[in-house]
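Visitor: Predicted model, plus sequence, below.
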Amino acid sequence: MNSRFRRIRLSCSVSLVVLLTCLVPAVAGPTGTLIIFNAGSLTVPLAQMEKEFEANNPGVDIQREAGGSTKLARMIAESGKPADIMASADYEVIDKTLMPKYAAWNVRFASNQLVLCYTDKSKFADTINADNWYEILERKGVAWGHTDPNLDPCGYRALMVLQLAEIYYKKPDLARRLLANRPPENVLPKAKELVSLLQAGKLDFAWEYLSVAVQHKLRFVKLPNEVNLGDYRLEDFYKQAKVEVTGNKPGTTITRIGSSCTYGLTILKNAPNPDLAVAFLHYMLSPDSGLKILQESGQPPFVPCWVPTKEMKESLPAPLRDLVQVKELK
């Protein structure tokens, strides 16, 4: 009798569990399509983040468009291209092109520095160093290039490096002489095109971010901090460099002023999938996930990431606020 009663009670318990499982919906993860516009120098780490995030969230499809940050921001502001997230190699591109009409905040999340990249095929590959690089770039027959300063922050930063080198090494007219030895066809829209030409032996040297050099296993010359735009403590020195680039409207120009390589990101106000964008940025800005991938890719992240004002932090989506601090630069 007792044995039969126990079997009936067990059967009822199992039935109750099954019933409750059917009645209580499972907690669903994020789903949908996420559109990310990102600087070309973020392509490698974001590809890894995409793979990991989609593996953990099977209902998500991340679609990325990489290119010069200035060009991508203009695609949003001027052409109305839909995007959820914009990640720029220069946070000022978001400040000047997208805020406040298209974005309400701008998180600084990573740093970088410029290096002079080359390969074993490059002329003077065995002799170039941090002391003679500018002498080699000035030699006839040496092919070097950079990205378009009107489309890509790395392009105008490359020109700033030349100006800062002129000051640091006390070499009057150095920047002008170097540019005179760089033909217009060596100014390209995207960093990946420079990398391809380097690897094919069609360019001897190219200005790139340190992270790009590391990710593509390129040889590189690392420059003094006063020249490489990689040290935020040298902002006053960097401000001596100025580059004119095309403005947001035809016929206008913007003066880019030298500053350290600081990356920024935002969620667009008209994001097609804002909730998914928040979920992805929570993953990307977490020290044990996205920021860890950035670090391993040769792109030092800010841990924690930061914004310049308390008001901006308060405007962030609630799930992101604990990942961001306020850091007022003096």
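Guide: Good, I have the coordinates.
Visitor: tell me the contacts of Phe53?
Guide: Contact analysis of Phe53 by C-beta atoms under 8 Å, 6 or more residues apart in numbering lists 60, 62, 280, 283. Heads up, the C-betas are built off the backbone N, CA and C, glycines and all.
Visitor: top of those by neighbour count?
Guide: Using other C-beta atoms under 10 Å as the neighbour criterion, Phe280 leads the contacts of Phe53 with 24 neighbours.
Visitor: before we move on, the earlier item: rebuild the contacts of Phe53 as a markdown table, extending it with distance to Leu218.
Guide: Compiled in a markdown table, the contacts of Phe53 are given as follows (distance: C-beta to C-beta, whole Å):
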| residue | distance to Leu218 |
| --- | --- |
| Val60 | 33 |
| Ile62 | 27 |
| Phe280 | 29 |
| Tyr283 | 29 |
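Visitor: quick check, nearest of those to Ser315?
Guide: Nearest to Ser315 out of the contacts of Phe53 is Phe280 (C-beta to C-beta; 18.5 Å).
Visitor: my guess is the closest one meets Gln63, correct?
Guide: No: between Phe280 and Gln63 there is no contact under C-beta atoms under 8 Å: 11.9 Å.
Visitor: Now for the two: what residues contact both?
Guide: The contact sets of Phe280 and Gln63 overlap at 34, 36 (C-beta under 8 Å, 6+ apart).
Visitor: on that earlier part again, and the contacts of Phe53, which of them are in helices?
Guide: Per DSSP state H, helices hold the following members of the contacts of Phe53: 280, 283.
Visitor: Show me the strands in the chain, by range?
Guide: Assigned by DSSP state E, the chain shows strands spanning 32-39, 60-67, 85-88, 107-111, 114-118, 144-147, 187-188, 205-209, 219-222, 242-246, 253-257, 262-267, 301-307, 324-326.
Visitor: shaky segments in this structure?
Guide: For the chain, applying pLDDT under 70 flags the ranges 1-28, 329-330.
Visitor: One more pass at 50, please.
Guide: Where the chain drops to pLDDT under 50, the residues are 1-2, 5, 7-27.
Visitor: Endpoints of stretch 98-110, how far apart?
Guide: One end of stretch 98-110 sits 19 Å from the other (C-alpha to C-alpha, to the nearest Å).
Visitor: Could you number the chain from 54 rather than 1 from now on?
Guide: Taking 54 as the first residue, the last one we looked at is stretch 151-163.
Visitor: who's in contact with it?
Guide: 126, 129-130, 139-140, 144, 147-148, 315-323, 334, 337-338, 344, 347, 352-355, 358-361, 365, 368-369, 373, 377, 380.
Visitor: What are the buried residues along it?
Guide: Within stretch 151-163, the residues that count as buried by 16 or more other C-beta atoms under 10 Å are 151, 155-156, 158-163.
Visitor: tell me the two of those that are most distant?
Guide: Tyr155 and Ala163 (21.5 Å).
Visitor: Switch the buried residues of stretch 151-163 over to a markdown table; also include distance to Thr86.
Guide: Putting the buried residues of stretch 151-163 into a markdown table (distance: C-beta to C-beta, whole Å) gives the following:
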| residue | distance to Thr86 |
| --- | --- |
| Leu151 | 21 |
| Tyr155 | 20 |
| Ala156 | 20 |
| Trp158 | 23 |
| Asn159 | 24 |
| Val160 | 22 |
| Arg161 | 27 |
| Phe162 | 23 |
| Ala163 | 25 |
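Visitor: tell me which of these is nearest to Leu287?
Guide: For the buried residues of stretch 151-163, the nearest to Leu287 is Arg161 (16.7 Å; C-beta to C-beta).
Visitor: Now for Asp114, how many residues are close by?
Guide: Look at Asp114: counted by other C-beta under 10 Å, it has 14 neighbours.
Visitor: For it, which non-adjacent residue is spatially closest?
Guide: Excluding the flanking residues, the one nearest Asp114 by C-beta to C-beta, 6 or more residues apart in numbering is Thr86, at 4.9 Å.
Visitor: okay, now that neighbour: neighbour count?
Guide: 12.
Visitor: ok, it to Gln116 distance?
Guide: According to C-beta to C-beta, to the nearest Å, Thr86 stands 6 Å off from Gln116.
Visitor: Then Lys366?
Guide: For Lys366, the distance to Gln116 - C-beta to C-beta - is 29 Å.
Visitor: So those two - more neighbours on which side?
Guide: Between Lys366 and Gln116, counted using other C-beta under 10 Å, the more crowded position is Lys366 (18 against 12).
Visitor: Okay then, goodbye and thanks.
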